[in-house]
Structure formats: structure tokens, C-alpha cells
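>>> everything below, folded, please.
(one chain, ligands or ions: 1)
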Amino acid sequence: MRADPIQHAIDEDLVRVLYAQDPIAFFSHWFSIAVLLAIYWPAIPSPPLFIACFGFYAAANCAGLALWICNRRYPHLLSPRGWINLHALRGVLLYSAPGLAIWFAFQSPQSDLPLLHTVMLVTLAAGVFMSNGFDLLNFATAIPFLLFPSIVLHFGVHTFDRTILAIVLAFFFCAINVYALSYRKLFQQVVQARVDQQYLAESLAVQKHVAEEASLAKTRFFAAASHDLRQPLHAIGLLAASLNEPAATPAQHAKTAEHIVYNVEALNQLFNQVLDLARLESGVTQVIRLDFRLSELFERVGSQYRPQAAAKGLALRIAPTSIVVHDDPVLLERVLSNLLSNAVRYTEEGAIWLGFRRAGRSTGGYIEVRDSGIGIPPEEHERIFEEFYQVANPQRDARQGHGLGLPTVKRLVGLLGGELQLRSAPGRGSVFRFPVQAGEASGVVASLNETVAGAPAAQGRRVLCIDDEPSILEGLSSLLGRWGCTVRGARDETAALAALDDGFLPDAVLCDYQLANHRTGAQALTAVRNKLARSGHEGVVTLLITGDMASAELAALALQGIPVLHKPVTAARLRRTLDMLWQQAERDKTRVASAPESSVAQMADAAGAAGRMEKDVSRDVAGAPPFAAQREARHGQESASPREA
Ligand code: ADP
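I've put the predicted structure just below:
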């Protein structure tokens, strides 16, 4: 990739160096013409031919000067290579005349003329070496014309001194060629070093600019984030302090508690939004594409926002479509939820429209969210995709959002392989659209609206919790206990294995990712699963809980097929995930029980593959988790709705 710029830079420098010497060469050649004329003048051999030859020499010299003037005046008329080639042509014309003119010296009765002419030619050759030695073409088209005729003619005389002169000339010819070779190498190295330095300086300047921009963006991000996080925290602090107020009535306490809950919810919501963005940034969010009916997804998100739209007197219209798309329904739902939520919030009258358009695409088309709302001025079209940027909320009132929706949407659409487009003007509403790929109707394996309803109850389940943090173990035990589970807490892998030895056979194992003594939750879960498998207790549900964002580690977990929840995990999310995993485990058990023996092994393989290849669930029909289950279990665990607590 770097070869071309370097060759171009070499050519540019060559043009500069070759043409820089031309005015001096012009006068040197007039001097050479004068000297040669002077030595031939007493007895010019073959005068007409002599005049033609020297006339040509003078004309070629003038043409050389004209070329130099052209290059100075119109440097962009030709490419650097073009100028180099023209200069080489000038060399052929200019040096062939004095080189071939030595023939006149051998026609003359004056015996010292060949020697004098040869001295002139060697002087010219030295000049060519100095001015054209950098370039092979210019050197090779000048030197042979100057020296070859002379070498051949001196050899042809067959006298001792002329043969020696011919040999010396040949040696000189070879020597300047060798010197010119190293001269050229040196020149190329110098140019390359200069280009490298320039390239380095430019890329450093770019990187510095990028780093400064990133640092500014980070500062803005933290300023806004800390402000928005501080607000509810501040309120919670004040409200909590007022709970100690002895004079307050129970009704006032209840009101204060209600406010605290509201602020905690707000904090949680903001925290989730920031974490979602961080997850998208760190690349741990996986895209899991399925074939599904777009109308089902439209209905699903539409039904979430219809009540809010209706409360504002807005119509939420969903255009009917029969298209099957091949995309990630979970991520797509988040995109649409954010866009619809904005459409409802920034529209006071009229309607909101959600639909699919082919828009000239042969496969797939565009999903569009349109509103007749306040619109966005063109100068804000880029900035609204910056984190925490809001067009009209300078006082950063949390009730008007935080400015994280569109940055999330933009990253999600990018992750899905598309580009978010915006058409909007103040007072004329907004249109957000992005592309989706068409899928195969035959590839639709389940309805998106399948839910985990009817999931087996948690009542009576045995759960083994592994966490080195006693307060978390305490919290988990009390929560799971309230759901009717029998809980056993373990501080590390050894304690967990000891619990199994004691005869505690769990239905689920919940494990923190970072454990004490440099052990990971994945290692602990593997040890527990292996021990259970050895005692014939297969199919235990395992769930990792992590605050980690490192994509390499999460990718490794995905390979092992271990579901992951990201902290902070709400009670509702934990419950839904466990319900789903138990439901899935029970389905697997039923399938294995009802399958003929020969296919049980295949199923086991398929189930393993489903775990390992989460990206490809659509192709593993037997192991494909329902959409609702997937939403809970996949290790992105992003909020399904933008405003979900
Ligand atoms: P939030 O809506 O929470 O402020 P977003 O990132 O979703 O954050 O949007 C950023 C800004 O873009 C909003 O503050 C709003 O000014 C503008 N915006 C987004 N969607 C719309 C829309 N449909 N109509 C008008 N303005 C919008």
C-alpha cells in the first residue's frame, strides 16, 4: 500500500533534480559546441554533414531549454513520470550529436582531433553523471550515445595508444554506471526516508487530532453522565435523610419512599442506557440473525407505544407487510423502541408511521419510522447522534431523556450492517430509516411473540449460588428464598464442590464471573457441571453473572454455551432468565425422552452446537430458543426497551 506513494514521491523528486540542472547544461552545451567548432575550424571534414550535425546539436540544446521552461511554467501538464520520460528523450537528441560527431575527428588528417574530441565527451559524460545519474532512464539514454561511438572508433584504429584509450574509456563507462547505480540507491533511500518521515508526521498529526477529539468527547460524556447520575443520587440522599425525621407521619414516609423508588428507577434506567452503549462500544454485543415476520415485530413494538401515543391524541399507524426478514429481532426491537419512543415524545399532533418500504432494493428494503412532530434542524442532524446531546434541554431535565437513544440506535444499526438515515426539518416531522435484509419464509421457526409464560415455577427448585462477595450471596439467597427456592451459597469453587459432596443436587447454578484466587466463574461452572455429570445429574441450568466487558472473555463463554447476565441484574430479569432456562431444559429433556434412541446422540450434538454457535441459531431448528427466551438469555442482556428499568 505504501509502495505507490513512495514511487510517486521519488518521481516528483527526480523531476525536480533532473530539471534543476538544465539551465547550467544549456550553457555547458553552448560551450561544448564552441570548443568543438574551434578545434575543427582549421579543416572541417565533410562540411555539409558537419553543419547539419552541429545545427542539430544546437537545435536540440534549445529544445532542452524550451522543455525546462515548459516544466517550470506548467508543472501539472504531465505526470512526474511523463516529465522524466520527456527529459530522457531530450537526452537522446542532445547527446547523440556530440557523441556521433567524433566520426568527423577520425576523418580529419589532424591526428590529435580524436583525442581532443574524446576529452570533450568525457567532460560531458561527467556532467551527465552528476545531473542524470539519479535516474536509470535518463542516464541510460545519454551515456551510451556519448561514449560508445568513441570507444568503437578508437578500437578500430588498431594502434597501441588508441586501444589503451578505448579500454580506458570502456572502463570509465563501466565505472560511472556502477557509481550511478549506488547513487540511485542512495537517492531512493533518502526519498523513502523523507516520505516515511512525512507520512509519520501526518499520521501523528491525525492521531493527535483523533486523540484530542476522543478526549473532548470523553470529557463531555463524563460531564453529562456525572450530572445526570448525580441528580437522582442527590435526591435519594436527601429523601433518605428525611426518613429519619421523627416528626414525619407514616403517610409522609410512604410518599418519601415512593420518591426514593422513583429516583432509583431513574438511576437504574440511565445506568442501563450507559451500560448498553458501553457494551456496544466494547463489541461484546452479538448479532443473532433469524428469519422472522417483520409484521410480528412491528405489532410487538407498536403495542408498547400505542397507549402513550393515544394518550397524546396521536395515531400510531403500522403499515401491513408480509415480508420475512433475516435479522436480529432483539436488536431490531431496541432500535424501533428507541425511534418510536422519540417519535411519540417529539410529536404533539398528527401521526406516527411505522412501516417497511422496498425503496428500489431487490432484496430486503428499509424500515421507516416517520412522525409529524417538531422536526430537527439540519445543523443538528449530526450532533443528535452524539452521546448526551439533546437539541432543546439545556437544563438537562431528566424527564426529557438523557440524549442516549439515538447514539445507541446508530451503533445498533451499524452493528446490524446498515446505516441510519435521517430526513427532517423543523415543523415538518422526521423520518428515520435503515436497511434490512430479506429472509426465507421457510426459515421462520417460531413466532416472535412466543413467551416464557407457562414456565415451570421456581417453587421448590434447588439453586447453588457461587460468589466471593458475602453481601451478594446474602441478597441472592434472600431473593431466591422468597421465590420458594432452596438456596445453597458457596464462596468459591471448592465450597461449591463440597456442597455437591454433601448431596445438594442443584436445578440451577448461579455464578459470579470474577472469583477469588484468580479463578473464573466459567472454571467453577465447568467443575460443578463435570462433577454433576459424573454422578449422572445432567442438564443442570447454569448462569454466569458478570460486570465484565472484555469481549475476548465473553466470546470464550459464548463458545462454551454458557448464558451470561450483565450486572446490574434486576430481580425481574433474573427471574425471567431462570424461568426461561428451566423451560428450555425441560423441553430438551422431553425431546430426548421422546426421541428414538438413534437420534438422541444427534440431538445431544445439535444441542451442543446450538450452545457453541449462538450466532447461527436460525439454522438449528431443534435447538433454537424462542425469541422471548433469547432476549433474556443471550449474553448482551441489553435493555429490551429504551426506557426499561
Ligand atoms: P433523548 O430523546 O433522550 O433526548 P435521543 O438520543 O434519543 O435522546 O435524541 C437526541 C435528540 O434528538 C433529542 O433530544 C431530540 O432533540 C432529537 N430527536 C430525536 N428524535 C426526534 C424526533 N423524532 N423528532 C424530533 N427530534 C428528535
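>>> ok, now which ones touch the most far-flung residue of the chain relative to its centre?
Within the chain, the residue lying farthest from the chain centre (Cα atoms, centre = their mean) is P109, at 80.0 Å. Neighbour list for P109: A43 [criterion: Cβ atoms under 8 Å, 6 or more residues apart in numbering]. Every residue, glycine included, has its C-beta placed from N, CA and C.
>>> same question for the one 4 residues further on.
Contact partners of L113, counting by Cβ under 8 Å, 6+ apart, are I39, Y40, F104, A105.
>>> what about the residue farthest from the centre of the chain, which SS state?
Taking DSSP: H, G, I helix; E, B strand; the rest coil as the rule, one finds P109 in the coil state.
>>> begin at 784 from now on, thanks
All right, first residue 784 from here; so that's P892.
>>> from I827, how far off is it?
When Cβ to Cβ, to the nearest Å is applied, the distance between P892 and I827 equals 12 Å.
>>> what do you get for G1200?
With distances defined as Cβ to Cβ, the gap from G1200 to I827 amounts to 82 Å.
>>> what about these two, which has more around it?
Looking at G1200 and I827 with other Cβ atoms under 10 Å, you find the greater number of neighbours at I827, namely 16 against 13.
>>> ignoring the adjacent residues along the chain, who's closest to the more buried one?
Of all residues beyond its chain neighbours, the one nearest I827 is F833 (5.2 Å), with distances taken as Cβ to Cβ, 6 or more residues apart in numbering.
>>> please, which helix or strand holds that neighbour?
Using DSSP states H and E, the secondary-structure element containing F833 is helix 830-856.
>>> buried ones in the helix or strand following that helix?
Going down the chain from helix 830-856, the next helix or strand is helix 863-883, by DSSP H and E. Using 16 or more other Cβ atoms under 10 Å as the test for burial, helix 863-883 gives 863, 866-867, 869-871, 873-874, 876-883.
>>> angle of helix 863-883 against helix 830-856?
160 degrees (axes from the mean of the first three to the mean of the last three Cα atoms, to 10 degrees).
>>> remind me what helix 863-883 packs against, helices and strands.
The criterion is 3 or more Cβ pairs under 8 Å, 6 or more residues apart in numbering; DSSP states H and E, and the helices and strands that helix 863-883 contacts are helix 786-803, helix 805-823, helix 830-856, helix 896-915, helix 919-923, helix 926-940.
>>> for the ligand, tell me whether stretch 1090-1105 is touching it.
No: Stretch 1090-1105 lies out of reach of the ligand by Cβ under 6 Å from any ligand atom, never closer than 12.0 Å.
>>> contacts for that stretch next, please.
Counting contacts by Cβ under 8 Å, 6+ apart, the residues outside stretch 1090-1105 that touch it are 1076-1078, 1081-1082, 1085, 1088-1089, 1123-1124, 1127, 1130-1139.
>>> report the distance from that stretch to the chain centre.
Relative to the chain's own centre, stretch 1090-1105 is displaced by 37 Å; criterion: Cα atoms, centre = their mean, to the nearest Å.
>>> same question, stretch 1079-1096
Centroid separation for stretch 1079-1096 versus its chain: 35 Å, with Cα atoms, centre = their mean.
>>> quick check: residues of this structure near the ligand?
Within the chain, the residues that sit near the ligand (Cβ under 6 Å from any ligand atom) are 1125-1126, 1129, 1154, 1156-1159, 1167, 1173-1176, 1184-1190, 1213.
>>> hmm, which of the contacts of stretch 1090-1105 are the buried ones?
When burial is judged by neighbour count using 16+ other Cβ under 10 Å, the buried members of the contacts of stretch 1090-1105 are 1076-1078, 1081-1082, 1085, 1088-1089, 1123-1124, 1127, 1130, 1134-1139.
>>> and the residue of the stretch 884-1033 of the chain that's closest to the ligand?
When scored by Cβ to the nearest ligand atom, the stretch 884-1033 of the chain has D1011 as its residue closest to the ligand, at 10.3 Å.
>>> thinking again about what came up before, which ones among the buried ones among the contacts of stretch 1090-1105 map onto strands?
Applying DSSP state E to the buried ones among the contacts of stretch 1090-1105, the entries found in strands are R1076, A1134, I1135, W1136, L1137, G1138, F1139.
>>> for these, give me CSV that also has pLDDT.
As requested, those are arranged in CSV below (pLDDT from 0 to 100):
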residue, pLDDT
R1076, 93
A1134, 95
I1135, 96
W1136, 97
L1137, 97
G1138, 96
F1139, 96
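>>> report the two of these separated the most.
Greatest spatial distance among these (Cβ to Cβ): R1076 and A1134, at 23.6 Å.
>>> show me what the one helix or strand A1006 maps to is packed against.
Assessed by DSSP H and E, A1006 sits inside helix 943-1025. Packed against helix 943-1025, as judged by 3+ Cβ pairs under 8 Å, 6+ apart, are the following elements: helix 786-803, helix 896-915, helix 919-923, helix 926-940, helix 1033-1065.
>>> re earlier: pick out whichever of the buried residues of helix 863-883 sits closest to the ligand.
The shortest approach to the ligand among the buried residues of helix 863-883 belongs to P863, at 49.6 Å (Cβ to the nearest ligand atom).
>>> can you pull the contacts of that closest one?
H791, D794, E795, L797, V798.
>>> any chance of a PyMOL selection covering the buried ones in these?
Applying 16+ other Cβ under 10 Å to those leaves a buried subset, and the PyMOL line that selects it is:
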select buried, resi 794+795+797+798
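>>> of the contacts of P863, closest to the ligand?
For the contacts of P863, the closest approach to the ligand (Cβ to the nearest ligand atom) belongs to H791, at 44.3 Å.
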